[in-house]
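> Following is a predicted model, sequence given first.
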Amino acid sequence: MKLVTFTYEQQTRVGAVVDNEVIDTLDNPEIPSTMLEFLARGKSALAAMQQQIESGKGRLALNTVKLLAPVPNPQKFFGIGLNYADHISETGRERPEYPLFFNKQPSCIIAEGEAIHLPKVSEKLDYEGELAFVIGKRCRHVPEDQAHKVIAAYMIANDVTVRDWQIRTPTWTLGKSFDTHGPLGAYLVTADEVGDPHNLSIKTWVDDELRQNANTSEMLFNCYEMVAYLSTVMTLEAGDIISTGTPAGVGVRMKPRGYLKAGQTVKIEIEKLGELSNPVIDEPDNLALY
């Protein structure tokens, strides 16, 4: 099942994509209106969505709705650094002994098609095509061999990074959390439809140039290990997002540097998950809020 958060006629709700249509759930009281509530309800919400799909009711043309980020307001948004051997090699860093997690602030999240801002304070804007997964239930101390049970779905993420701001703090958080630097989508694909998340091709283009070409089988720490590690420390909640790291081919390691410029488009494609495409524009002048 492909789940989406979308707006139609100024109302936002959860739906599912089937072919070129969105299943509209506005009049279905069994389906929550937000993705966080939908995920927290678990199997009952999925069953209600499946019944809605099979009923043939409430169908909207995909091109008539506005897709939002599938999970627009998670409680937590984690990334992981240095999780592909080829990426470690291109950075010249040592292989980490433990997963290197960092926070991306949820305010950075945008949807498929929305613009990534080239910030006024830096020209070192970089892309990182990644597989992300979403937690489906409140959990703590999850064993690795049980971790698949708490993952609800997968999606594409672009861990956009401002490289000079990344190195200003050891946690990397500032360089990872500029507004618009967390594209997600275009939809959530439920775990049953994805199957093995550790054997998916992942590719990133900047305009027509293929920059990254890898497979999730190359991850050092897999999705289930990440769940076990994080849940040792904290309670994970439905809707929490974990982005699983990027392979080689980032702009900062190209010669000359392949940083993003206004007017370019970043497209990420992951097997079974579709595409996530976002244009790059100069940061607008009218964003000051004070």
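Right, received. Where do you want to start?

> Tyr98 and Gln52, how far apart?
Applying C-beta to C-beta, to the nearest Å, the value for Tyr98 to Gln52 is 43 Å. Glycine gets a C-beta too; all of them are placed from N, C-alpha and C.

> packing partners for the lowest-mean-pLDDT helix or strand in the chain?
Every helix and strand of the chain was ranked by mean pLDDT, DSSP states H and E. The lowest is helix 85-91, at a mean of 90. Identification of packing neighbours for helix 85-91 by 3 or more C-beta pairs under 8 Å, 6 or more residues apart in numbering; DSSP states H and E yields no helix or strand.

> With only the CA atoms kept, save it in CSV.
The C-alpha trace of helix 85-91 is given here as CSV (Å, rounded to 0.1, in the frame of the first residue of the first chain):
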residue,chain,number,x,y,z
ALA,A,85,31.6,1.7,2.8
ASP,A,86,32.1,3.5,-0.5
HIS,A,87,31.0,6.8,1.0
ILE,A,88,33.4,6.3,4.0
SER,A,89,36.2,5.7,1.4
GLU,A,90,35.4,8.9,-0.5
THR,A,91,35.4,10.9,2.7
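
> still on that earlier bit, comparing Tyr98 and Gln52, which shows the higher neighbour count?
Gln52 (21 against 7; other C-beta atoms under 10 Å).

> OK, contacts around the more buried one?
Residues in contact with Gln52 (C-beta atoms under 8 Å, 6 or more residues apart in numbering) are Ala16, Ile23, Thr25, Asn28, Ile31, Gly58.

> Can you pick out the most distant pair from those residues?
Using C-beta to C-beta, the contacts of Gln52 reach their maximum pairwise distance at Ala16 and Asn28, which is 11.4 Å.

> who has more neighbours, these two?
Ala16 (22 against 19).

> Could you give the backbone dihedrals for that one?
Phi and psi for Ala16, reported as degrees, to the nearest 10, are phi -140, psi 150.

> Tell me the pLDDT of it.
On pLDDT, Ala16 comes in at 97.

> Please apply the same query to Asp27.
89.
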